[in-house]
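S.K.: Predicted model follows, preceded by the sequence.
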Amino acid sequence: MENSSPRKARTVVVGGGTMGADVAVVLARGGAQVTVVDPHAARRDHLLPHIAQELAAAGQTTHAGPVQVCASLQEVDWTGVVLVVECITEQLAAKQQLFAELEAVAPPNAVLASNSSGFPISAIAQGLATAQRMLGLHFFMPAHLVPLVEVVLGERSDPALGQWLHAFMRGCGSVPVLVKKDKPGFLANRMQHALSREAFALIDEGIASPEDVDAAVRFGFGFRFLAAGPVLQRDHAGIEIHTAAAATMYPTLSNTDVPAQALRDKVAQGHLGMKTGKGFFDWPEDRKQAERTRYDALLRQGLALLASELPAIEPPTDTPSTTGARA
């Protein structure tokens, strides 16, 4: 596959839930033609208005690629499709079945990508005759606001297709990273869980409250991460200082291989966060909506701060139609 530009490229997103809808926004803003497949009528009714709203909020309606929705793989016009992104439920058997179907219906040169955050790409691709074109494409919620996307190589993935997908996502304005080995959690989630393990261990030990743990990250070292990641930070601060501090702290860091008691207690109580109205904090409906508005607004402000460092979206040579349509 030579042309890695998303402009006018034909793409398919399977699964029109929260993640799939926002992945469609990412692809459309790059100028790709997007078909979203979802069997649920209520989701299909919501998709086009949501995508139009998010593209408008980002000022990207004019040059966005057209989006259409349909109910099944059989309704898709597969002619010329170059990329399929799976965003269905996190169940391994369901993903394996879907990719077996995709292998049969998608063009033989189309890249088949999974947004799975928990299952190794190699496991999803197991048994596929064309596993070399199977890659991970892991977005972070909300996918259209968080620039990072992980391009993950499985055991049999073609590295050249990984490079192609990396360039394709840059053309959509994302910040892709290439994950060369298919380890659980890939790249970003492994680092995130390492932080979370220590954070909840500190809560379990009574060293800090959940509120203070969050404040320490958001207004301390996490605040600096907007400007520089952990490797560049070491060059700023001095590598010898970090090394000396690491020698002191590492022996005392949590190395438990089970989730923290604070987390297990919440799960046992059914307090799962916003979805149940209570987690570490209480979430009545009005507070939940206000929090989501605040959260998204800060992410958009962060995007504005980083705008000069984000990949540019390829300007169109003409103005394609952006009117959504049903297949």
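M.R.: Good, I have the coordinates.

S.K.: contacting residues for the residue nearest the centre of the chain?
M.R.: By C-alpha atoms, centre = their mean, the chain has its centre lying nearest to Phe139, at 1.1 Å. Listed by C-beta atoms under 8 Å, 6 or more residues apart in numbering, the contact partners of Phe139 are Met19, Asp22, Val23, Val26, Asn115, Val146, Val149. In short, each C-beta sits where N, CA and C put it, glycine included.

S.K.: One more: Gly17?
M.R.: Asp38, Arg43, Cys87.

S.K.: just to revisit the earlier point, tell me which of the contacts of Phe139 fall in strands.
M.R.: Counting by DSSP state E, the contacts of Phe139 place Val149 in strands.

S.K.: Would you work out how far apart the start and end of stretch 224-231 are?
M.R.: 12 Å (C-alpha to C-alpha, to the nearest Å).

S.K.: Number the residues from 773 up from this point.
M.R.: Yep, numbering from 773; the last one is stretch 996-1003 now.

S.K.: Could you check how sure the model is about that stretch, as an average pLDDT?
M.R.: In this model, stretch 996-1003 carries a mean pLDDT of 95.

S.K.: all strands for the stretch 923-1072 of the chain, in order.
M.R.: In the stretch 923-1072 of the chain, the strands defined using DSSP state E, counting those that start in this stretch lie at 947-951.

S.K.: which stretches of it have low pLDDT?
M.R.: For the stretch 923-1072 of the chain, no stretch is flagged by pLDDT under 70.

S.K.: ranges for the helices of it?
M.R.: Assigned by DSSP state H, counting those that start in this stretch, the helices in the stretch 923-1072 of the chain fall at 931-943, 960-976, 982-988, 994-996, 1002-1009, 1011-1021, 1033-1041, 1057-1077.

S.K.: export those helices to TSV and tack on distance to Ala824 and mean neighbour count?
M.R.: Shown next, in TSV, are the helices of the stretch 923-1072 of the chain (distance: least, C-beta to C-beta, whole Å; neighbours: other C-beta atoms under 10 Å):
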stretch	distance to Ala824	mean neighbour count
helix 931-943	21	20
helix 960-976	29	16
helix 982-988	34	14
helix 994-996	33	12
helix 1002-1009	38	12
helix 1011-1021	47	10
helix 1033-1041	37	13
helix 1057-1077	17	12
